[in-house]
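**Q** Here is the input, now give the coordinates:
(one chain, ligands or ions: 1)
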Amino acid sequence: MPNLFSALTSQSWYRRQLLQGGLIGLGSMAIAAMAWKNKTPISQRLPHIPDVETDPKSIELNGFDPMQVLRDFDYGEVSYENGQRVREFQVEANSTTLNLHAGIKYVSWNLNGRVPGPTLRATEGDRLRVIFHNADGHSHSLHFHGIHPAEMDGIKPVRHGKTVTYEFDATPYGVHLYHCHIAPVTRHIGKGLFGLFIIDPPEGRPPADEMVLVMGGYDIDNDEKNELYAFNGIPNVFRDRPIPVVQNQPLRLYLLNIIEFDPAITFHTHANFFQVYRTGRTLTPSEETDAITMGTAERHILELTFPFPGKYMFHPHQDFIAEHGCMGFFNVLPEQPT
Ligand SMILES: [Cu+2]
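**A** Down below sits the predicted model:
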């Protein structure tokens, strides 16, 4: 039985985030120390991250576990050049078979063996160096959203066995995405070649239990319609294994819609409202709602806190999509008395 309220785990997790984000300093350590004693407002307290066990069956069936994808941020290998922080990322395209449903095997094209690919994360102003190796049989590329020169836009095919380096500065802060941009893009994205690309503002954001939710669709029979949908790559995982979170604790969702063929969908949370930071481009929320409409490639930061323990559903309100795999629950665990 895992210790769901492991202070040590949460502290080390948060410290690691600070270190990897390059934000650590005496000030933030002081905030951390005070917050741990609950002497600061809830918005500045350290998050309690429930331990989540990896599902060996998911690894065996698909090569990855969507529950791991949830809170996994890749900060790259950090170095400094001429006073600028450089983050170097390794991304490899390949093909793997996913078990999307009982009896439905699907050959995905993916990045680093998972759908979505790694969540690349940097701070505004960092230099990004993304080393992309194409180990797959088809030509692919990595096209980043954000602002960068044309030659780094990632629309040229990278052939099987070739390696290219995309290099540019991280700007503007927000929640972005990257994806393969080889035609037909519907097919290359639909088969799994996409991921989130988070650029933190220089001043950071308040502590929260942060997680990644990527909504994707699968056109199993090549009829240009999706038959299955998923959060983080595998249908119904968070329906069958609700995401543990803690009562009265801020949650920050980095949410992307990368569903092809369906022009737009919504994202809805049960029994709660969330704050919306459109494209993550603001530090204060612009809207509060419980259902937000997102076209393909739209992404937002959503923040919410559950005041009551229990299981709460989340899903697109195009209910066909929810009923075909894009549905999950938060399992809100009671807050421990302090
Ligand atoms: Cu591709």
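**Q** Would you mind confirming that Pro285 is in contact with Glu303?
**A** Yes - contact criterion Cβ atoms under 8 Å: Pro285 and Glu303 qualify, at 7.0 Å. Heads up, the C-betas are built off the backbone N, CA and C, glycines and all.
**Q** got any residues that touch both of these two?
**A** Common neighbours of Pro285 and Glu303 are listed as 275, 277 (criterion: Cβ atoms under 8 Å, 6 or more residues apart in numbering).
**Q** ok, those two, which is more surrounded?
**A** Legend: neighbour count by other Cβ atoms under 10 Å for Pro285 and Glu303, higher for Glu303 (19 against 14).
**Q** Let me know the helix or strand that the more buried one is in.
**A** strand 299-304 (DSSP states H and E).
**Q** Outline the domain layout of this structure.
**A** Domain assignment for the chain, taken from automatic domain parsing, gives 7-44, 75-200, 209-333.
**Q** Which secondary structure element is home to Ala322?
**A** Going by DSSP H and E, Ala322 is in helix 319-323.
**Q** now do Ser108
**A** Short version: Ser108 belongs to strand 104-111, going by DSSP H and E.
**Q** Packing partners of the helix or strand just after that strand?
**A** On the C-terminal side of strand 104-111, the closest following helix or strand by DSSP H and E is strand 120-123. If you count contacts as 3 or more Cβ pairs under 8 Å, 6 or more residues apart in numbering; DSSP states H and E, strand 120-123 packs onto strand 84-101, strand 127-134, strand 194-200.
**Q** Can you name the residues that contact the most centrally placed residue in the chain?
**A** Residue closest to the average C-alpha location in the chain (Cα atoms, centre = their mean): Val212, at 2.8 Å. By Cβ under 8 Å, 6+ apart, the contact set of Val212 is 69-73, 116, 119, 196, 232, 253-254.
**Q** if you set the cut-off to 7 Å instead, what comes out?
**A** 69-70, 119, 196, 254 (Cβ atoms under 7 Å, 6 or more residues apart in numbering).
**Q** What's the end-to-end length of stretch 238-250?
**A** End-to-end distance for stretch 238-250: 19 Å, by Cα to Cα, to the nearest Å.
**Q** now stretch 128-144
**A** 11 Å.
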